[in-house]
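Chemist: structure for the following, please:
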Amino acid sequence: MRSAVTLIGIMAVCCLPALALRASGTHLGTVSDTLLFGSGIVAAAFLLTWAAEAAQVDVSQGLAVAAIALIAVLPEYAVDLAFAWKAGQDPEFAPFAVANMTGANRLLIGVGWSAVFLIFWLRTRGRVLRLTSAHSLDVIALGAATAYSFILPFKGSISLVDTVVMFAIFAVYVYGVARNEGDEPHLVGPSQWIGHLEKRPRRALNAAIFVFAAATILAAAEPFAEGLIHTGTELGIDEFLLVQWLAPLASEAPEFLVAGILAFRGRAVMGMAALLSSKVNQWTLLLGGLPVAFSISGDTLGGLPLDGRQSEEVFLTAAQSLFAVAIMVSLSLNRWEAGALLGLFLVQFVIPISEVRILIALIYMVLATVMLVRQGGHIRAALRETRAILRRPADTL
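Modeler: This next block holds a predicted model:
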């Protein structure tokens with residue numbers, strides 16, 4: 001598969017300018033530096049995604065989808081934690097850390113989930129995309145994290161106590177994933193080529209890709225985060241909007257692409273499952289990680305502060321998550337639900353004002369409440385299945 005080797009080589013080459021700039025301390029200009037660092041992050045994200053998919057050959061299938069989802073969003077983690085780290089030293093960066101986190105979460109559901117369903121519909125003309133009962137665990141974990149997240153806007157900060165709660169939810173989720181039954185790996189493109197190598201070269205290549213991609217992300221995350229702000233100032237673009245939408249879109253593009261390819265190739269359920277798992281990761285591990293980076297950097301036990309705008313953003317993100325849980329508790333997504341996810345997202349994206357954010361959040365909550373009240377049977381079934389998953393013996397790595 002010469003094309004697969006070529007793609008891996010191209011992405012590796014795209015990482016080199018970011019590594020060279022960081023290692024040498026060279027500056028080509030604010031916009032140029034930001035573009036090169038951002039390109040390095042995107043290329044590294046593709047490499048990570050391919051390596052993570054290929055690693056399914058060597059790990060338990062119960063952990064496969066969750067592992068891919070976690071690794072695929074590592075670039076987003078790196079950028080957002082860089083903002084939180086800077087906020088510990090300069091409070092002016094605190095809004096950017098929260099903006100990046102909320103933007104990433106809303107993009108994942110509003111655009112990612114809707115895109116997978118659209119591709120599924122175009123390919124099959126199916127009206128309902130149905131997940132399996134095994135995905136009840138993801139829905140319940142997301143529901144628990146979402147229920148707790150409504151506390152945050154009223155506290156005025158994201159604290160280490162919140163970290164403990166979110167990390168605990170994530171730990172239980174991983175515990176359950178390790179006991180869940182998975183499908184056989186379905187590899188495509190570069191991941192297929194890596195996965196079909198002999199055991200020793202496959203593992204060696206995967207390890208090399210992980211190390212190289214991780215080094216690129218670590219080198220590029222901080223200058224890319226800071227460069228976005230300076231680029232906005234230089235070009236007269238709202239820095240907040242760049243941080244909230246452009247950075248997550250860049251870091252999550254490979255994940256969206258992989259999910260879309262899976263849907264296009266008739267594996268829409270797996271693509272949706274990966275994005276659902278990513279949402280659980282981001283709404284627990286990423287959110288909980290922000291106060292840790294902030295506290296270590298600022299040498300304080302105080303939480304990452306939320307101003308009025310950020311409280312609204314967190315409230316809107318929590319409300320969207322609640323609506324997503326209300327949809328997915330039935331383990332299905334239909335065209336009207338996908339359309340609502342995309343439409344409501346576009347409204348608050350195109351009109352980024354306080355009144356619209358509050359209005360859309362209330363619409364999410366009303367719709368979610370109505371749906372949850374009507375789906376008591378699905379909720380009980382999801383809870384039963386989750387309990388059954390947690391009681392299973394662990395899958396073997």
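Chemist: V42 touches E252, doesn't it?
Modeler: No - applying CB atoms under 8 Å, one finds V42 not in contact with E252, separated by 9.5 Å. From N, CA and C alone the C-beta is placed, and that goes for glycine too.
Chemist: okay, the two: which has more neighbours?
Modeler: Using other CB atoms under 10 Å as the criterion, V42 and E252 rank with E252 on top: 25 against 20.
Chemist: how much space separates S278 from Y77?
Modeler: The spacing between S278 and Y77, counted by CB to CB, to the nearest Å, is 11 Å.
Chemist: residues in contact with the residue nearest to I209 when sequence neighbours are not counted?
Modeler: If the residues on either side of it in the chain are set aside, I209 comes closest to A51, at 4.2 Å by CB to CB, 6 or more residues apart in numbering. By CB atoms under 8 Å, 6 or more residues apart in numbering, A51 lies in contact with I71, S191, I194, N206, I209, F210, A213.
Chemist: pull out the buried residues from stretch 291-306.
Modeler: Buried positions in stretch 291-306, judged by neighbour count with 16 or more other CB atoms under 10 Å: P291, V292, A293, F294, S295, S297, G298, G303, L304, P305, L306.
Chemist: mutual contacts of V42 and E252, please.
Modeler: Here V42 and E252 have P75 as joint contacts, going by CB under 8 Å, 6+ apart.
Chemist: and S278 and Y77? Which one has more around it.
Modeler: Using other CB under 10 Å as the criterion, S278 and Y77 rank with S278 on top: 29 against 22.
Chemist: looking at this structure, which helix is longest?
Modeler: Ranked by residue count and defined by DSSP state H, the top helix of the chain is helix 199-235.
Chemist: mind giving me the packing neighbours of that helix?
Modeler: Under the contact definition 3 or more CB pairs under 8 Å, 6 or more residues apart in numbering; DSSP states H and E, helix 199-235 sits against helix 2-24, helix 30-54, helix 74-89, helix 94-107, helix 189-195, helix 239-241, helix 247-264.
Chemist: what residues of that helix count as buried?
Modeler: By 16+ other CB under 10 Å, the buried positions in helix 199-235 come out as 202-203, 205-206, 209-210, 212-214, 216-217, 219-229, 231-232.
Chemist: next one: stretch 366-383
Modeler: Across stretch 366-383, burial judged by 16+ other CB under 10 Å covers L367, A368, M371, L372, Q375, H378, I379, A381, A382.
Chemist: assumed V116 was part of a strand.
Modeler: No - if the criterion is DSSP: H, G, I helix; E, B strand; the rest coil, then V116 is helix and not within a strand.
Chemist: give me the buried stretch members for stretch 12-21, please.
Modeler: Buried residues in stretch 12-21 (16+ other CB under 10 Å): A12, C14, C15, P17, A18, L19, L21.
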